[in-house]
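Visitor: The amino acid sequence is not available; the structure is as follows:
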């Protein structure tokens with residue numbers, strides 16, 4: 001419920017005293033207070049004035065006694081005639097020069113005045129043309145701090161717009177002159193008329209007065225302001241949740257931040273695109289208009305980012321913008337496996353006639369009561385469509401979207417918690433981040449599996465050196481290897497691989513184990529061969545080479561390996577690059593180049609790690625004269641620094657993959 005009681009305009013120059021020129025609506029000044037004039041002989045209530053403005057979030061007051069008989073109670077003081085003669089309240093609303101161009105907040109009994117006073121200085125040396133103006137919002141008691149901050153932000157925007165128009169064409173001076181003339185004309189010809197008559201005359205003549213009236217009416221109607229000062233400068237605001245009117249069409253939106261959004265989320269517009277587009281500003285981002293045209297409850301943020309060819313972070317920021325203006329809400333994309341149920345806060349008896357009429361006009365062949373009954377039992381969305389003809393599935397999805405818009409149904413989700421059996425506190429595995437960007441379990445929990453994977457690779461390396469056939473108990477470590485591979489594959493497919501890549505490109509990255517990147521300068525206008533986008537210049541050349549290897553055993557295929565084993569061993573420590581075979585060259589842009597490099601590193605991570613473990617086992621056996629496999633493994637486990645470095649490479653590579661979701 002809105003706490004806004006009225007919108008005021010007070011001015012003061014160096015010649016005349018402060019004046020309260022406009023107050024809309026005037027009839028609300030005394031109706032909400034319930035105050036009565038003080039009886040004769042009673043003590044005059046104190047008039048409060050600002051003492052300190054250092055902390056803008058707290059108002060420090062001091063009582064100032066006055067003997068002015070015009071001061072009785074706040075309601076009576078506010079009831080004084082506005083205009084040149086009504087200087088009582090105007091003096092309090094025009095602060096000193098040290099308090100200009102900053103937040104203004106004044107509390108008088110049960111009233112809160114919020115504004116942003118500003119000074120208009122002449123371009124020349126004529127100081128007599130200076131004047132101060134203050135657009136003030138009169139709020140009732142009990143208003144929240146968020147609402148006060150929102151009204152101050154609106155007052156600051158109005159003040160800045162008026163100053164801009166004053167410097168451009170003298171708009172504010174002209175409007176103030178119109179208001180003063182209306183007051184003077186009323187004083188001369190119809191002094192017996194009420195203040196409401198003066199306000200109606202000003203509204204008929206002043207464009208600024210009509211703008212302030214529209215601001216007041218918009219806040220009370222739908223909680224949003226979108227006006228153009230002097231038909232030129234746009235001023236917009238969305239009232240906080242506490243200020244939304246009770247009869248709002250849609251529920252108040254929850255506060256949403258970028259950190260709470262995920263690539264698999266999407267947004268659902270509260271209204272149609274045709275109704276929302278005219279409300280956009282003239283200088284609205286073209287990407288925002290394209291996003292509105294592409295929105296669908298079936299598309300996730302990741303799909304929208306790929307379709308619009310814009311970074312995912314920009315799509316998320318625009319989604320937060322739409323939600324903050326209560327034009328959309330965050331949902332999970334509609335799919336057949338989603339389960340929807342009536343909202344626990346839904347009161348069927350409180351459904352408004354407007355809601356029922358809206359459903360009847362949108363879906364004339366369906367009944368709202370019957371539709372709500374269908375979702376009173378927990379079932380998958382596909383079960384609601386089985387009994388319908390295929391051509392009616394689209395209408396069923398539209399009905400679900402309509403119910404989600406008004407929070408009549410909610411989606412029920414299943415959460416699975418994975419609890420590790422081993423608590424690891426080894427400092428060499430400690431990660432700086434407690435949680436990765438996907439909100440998954442910390443990567444430090446994989447250190448035990450990673451250590452077991454290293455032991456598996458070391459044991460296999462020893463078996464190769466000693467030509468020993470692995471025993472069946474060595475297969476105990478294979479599930480751990482599959483766990484690490486699953487984690488890597490998920491990150492690679494979910495975060496790194498672009499949806500615009502053809503199948504041949506990732507297949508080539510998987511086939512060759514070595515990747516070299518060179519500058520491509522033959523044709524500066526050549527498009528990217530990976531994503532096929534002609535707008536992206538192919539500035540890099542990917543040279544894919546290297547021997548093929550068996551993915552199950554990580555051993556180089558014999559048909560590609562050479563007779564000289566020294567060439568293989570000499571390249572083990574630099575990531576397992578084998579003696580090159582004939583490869584392929586692909587010209588790509590810088591974005592696809594970065595993705596391809598990370599994709600390639602993830603694909604061949606296990607192979608390169610195997611080669612490093614093999615080289616490490618060879619050095620330990622040669623330097624310390626170890627012959628038994630148990631001695632080599634025992635000595636390897638003590639290499640905490642080396643193991644920690646390999647685990648750091650593992651986590652860094654996975655974290656690097658996540659960065660592509662926000663780029």
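Guide: Received the coordinates, thanks. Quantities reported herein were computed from a predicted structural model and do not represent experimental measurements. Residues are numbered from 1 along each chain as shown.
Visitor: Compute the number of surrounding residues for residue 95.
Guide: 20 (other CB atoms under 10 Å). Every residue, glycine included, has its C-beta placed from N, CA and C.
Visitor: Retrieve the pLDDT associated with it.
Guide: Residue 95 carries a pLDDT score of 87 in this model.
Visitor: helix/strand/coil for it?
Guide: Under the three-state scheme (DSSP: H, G, I helix; E, B strand; the rest coil), residue 95 adopts coil.
Visitor: Please name the residues that touch residue 140.
Guide: Neighbouring residues of residue 140 by CB atoms under 8 Å, 6 or more residues apart in numbering: 3, 5, 32, 110, 111, 112.
Visitor: how about 6 Å then?
Guide: By CB atoms under 6 Å, 6 or more residues apart in numbering, residue 140 lies in contact with 3, 5.
Visitor: pLDDT score assigned to it?
Guide: At residue 140, the model reports a pLDDT of 87.
Visitor: Just read off the phi/psi values of it.
Guide: phi -90, psi 170 (degrees, to the nearest 10).
Visitor: for residue 333, same thing?
Guide: Note on residue 333: backbone dihedrals following degrees, to the nearest 10 are phi -60, psi 140.
Visitor: Please apply the same query to residue 270.
Guide: With angles defined as degrees, to the nearest 10, residue 270 sits at phi -70, psi -30.
Visitor: Could you check how many residues crowd around it?
Guide: Other residues lying near residue 270 total 20 when counted by other CB under 10 Å.
Visitor: Next one, pLDDT for it please.
Guide: Taking residue 270 on its own, its pLDDT is 85.
Visitor: ok, and the closest non-adjacent residue to residue 129?
Guide: Among residues not flanking residue 129 along the chain, residue 122 sits closest, at 4.0 Å (CB to CB, 6 or more residues apart in numbering).
Visitor: my guess is the one you found contacts residue 166, does it?
Guide: No. The pair residue 122 and residue 166 fails to qualify as a contact (CB atoms under 6 Å) at a distance of 10.5 Å.
Visitor: What helices and strands are in contact with the helix or strand where residue 454 lies?
Guide: According to DSSP states H and E, residue 454 maps onto helix 447-466. Here helix 447-466 touches helix 478-491, helix 605-623, helix 629-637, going by 3 or more CB pairs under 6 Å, 6 or more residues apart in numbering; DSSP states H and E.
Visitor: And the last one, what's buried?
Guide: Right, the one you point to is helix 629-637. For helix 629-637, burial by neighbour count (16 or more other CB atoms under 10 Å) applies to 629, 632, 633, 635, 636.
Visitor: can you put those in CSV and add distance to residue 512 and pLDDT?
Guide: Below are the buried residues of helix 629-637 laid out as CSV (distance: CB to CB, whole Å; pLDDT from 0 to 100):
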residue, distance to residue 512, pLDDT
629, 33, 72
632, 31, 79
633, 32, 78
635, 34, 81
636, 30, 81
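Visitor: nearest to residue 590, of those residues?
Guide: For the buried residues of helix 629-637, the minimum distance to residue 590 (CB to CB) is 39.8 Å, reached by residue 636.
Visitor: what residues are up against the closest one?
Guide: residue 458.
Visitor: remind me which residues of the stretch 451-600 of the chain are low pLDDT?
Guide: Residues of the stretch 451-600 of the chain meeting the criterion pLDDT under 70: 465-477, 522-525, 557-582.
Visitor: so where do the helices sit in it?
Guide: With DSSP state H, counting those that start in this stretch as the criterion, the stretch 451-600 of the chain has helices at 478-491, 504-511, 565-569, 590-603.
Visitor: returning to that earlier point: quick check on residue 122 and residue 166: which one has the bigger neighbour count.
Guide: Ranked by neighbour count (other CB under 10 Å), residue 122 and residue 166 place residue 166 first, with 20 against 11.
Visitor: tell me the SS of the spatially closest residue to that one that is not a sequence neighbour?
Guide: Nearest non-adjacent residue to residue 166, counting by CB to CB, 6+ apart: residue 172, 4.1 Å away. Counting by three-state DSSP, the backbone at residue 172 sits in helix.
Visitor: Could you double-check that residue 172 sits in contact with residue 163?
Guide: No. Using CB under 6 Å, residue 172 is not in contact with residue 163; the gap is 7.5 Å.
Visitor: In terms of neighbours, single out the busier of these two.
Guide: Set side by side, residue 172 and residue 163 show more neighbours around residue 172, with 25 against 19, by other CB under 10 Å.
Visitor: circling back: could you save the buried residues of helix 629-637 as CSV and add columns showing distance to residue 237?
Guide: Shown next, in CSV, are the buried residues of helix 629-637 (distance: CB to CB, whole Å):
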residue, distance to residue 237
629, 73
632, 70
633, 68
635, 69
636, 65
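Visitor: which parts of stretch 196-206 are buried?
Guide: With burial defined by 16+ other CB under 10 Å, the residues of stretch 196-206 counted as buried are 198, 199, 201, 202, 203, 206.
Visitor: As CSV, those with secondary structure would be great.
Guide: Formatted as CSV, these follow (three-state DSSP):
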residue, secondary structure
198, helix
199, helix
201, helix
202, helix
203, helix
206, coil
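Visitor: Remind me what the strand or helix carrying residue 236 packs against, helices and strands.
Guide: According to DSSP H and E, residue 236 maps onto strand 233-238. When contacts are defined as 3+ CB pairs under 6 Å, 6+ apart, strand 233-238 sits against helix 145-169, strand 224-229.
Visitor: Least reliable of the ones you listed by average pLDDT, please.
Guide: Minimum mean pLDDT among those: strand 224-229, a mean of 86.
Visitor: quick check: angle from it to strand 233-238?
Guide: Note on geometry: by axes from the mean of the first three to the mean of the last three CA atoms, to 10 degrees, strand 224-229 and strand 233-238 are set 170 degrees apart in direction.
Visitor: Can you show me the strands along the stretch 51-200 of the chain?
Guide: In the stretch 51-200 of the chain, the segments counted as strands under DSSP state E, counting those that start in this stretch are 60-64, 104-108, 111-115, 118-120, 131-140.
Visitor: can you give me the offset of the longest one from its chain's centre?
Guide: Just to be clear, that refers to strand 131-140. From the chain centre to the centre of strand 131-140 is a distance of 32 Å (CA atoms, centre = their mean, to the nearest Å).
Visitor: partners of that strand, with directions?
Guide: strand 4-13 (antiparallel), strand 111-115 (antiparallel), strand 118-120 (antiparallel) (DSSP bridges).
Visitor: Tell me which residues of the last one come out buried.
Guide: Looking back up the chat, that one is strand 118-120. Within strand 118-120, the residues that count as buried by 16+ other CB under 10 Å are 118, 120.
Visitor: And for stretch 367-385?
Guide: Those would be 368, 371, 372, 374, 375, 381, 384, for stretch 367-385 by 16+ other CB under 10 Å.
Visitor: what's the span of that stretch, first residue to last?
Guide: End-to-end distance of stretch 367-385 (CA to CA, to the nearest Å): 16 Å.
Visitor: average model confidence for stretch 279-290?
Guide: Mean pLDDT, stretch 279-290: 84.
Visitor: Could you check how far that stretch is from the centre of its chain?
Guide: On the basis of CA atoms, centre = their mean, stretch 279-290 sits 17 Å off its chain's mean C-alpha point.
Visitor: quick one: contacts of it?
Guide: Under CB under 6 Å, 6+ apart, the answer for stretch 279-290 is 234, 308, 310, 318.
Visitor: Now the buried members of those.
Guide: For those, buried by 16+ other CB under 10 Å: residue 318.
Visitor: Among the contacts of stretch 279-290, name the least confidently predicted one.
Guide: Among these, residue 234 has the lowest pLDDT, at 86.
Visitor: Who is that residue paired with across the strands?
Guide: Counting by DSSP bridges, the residues bridging with residue 234 are residue 228.
Visitor: what does the one 4 residues further on give?
Guide: Beta-bridge partners of residue 238, counted by DSSP bridges, are residue 224.
Visitor: Look up the pLDDT of it for me, please.
Guide: pLDDT, residue 238: 80.
Visitor: So it sits against residue 222, correct?
Guide: No. In this structure residue 238 lies outside contact range of residue 222 using CB under 6 Å: 9.5 Å.
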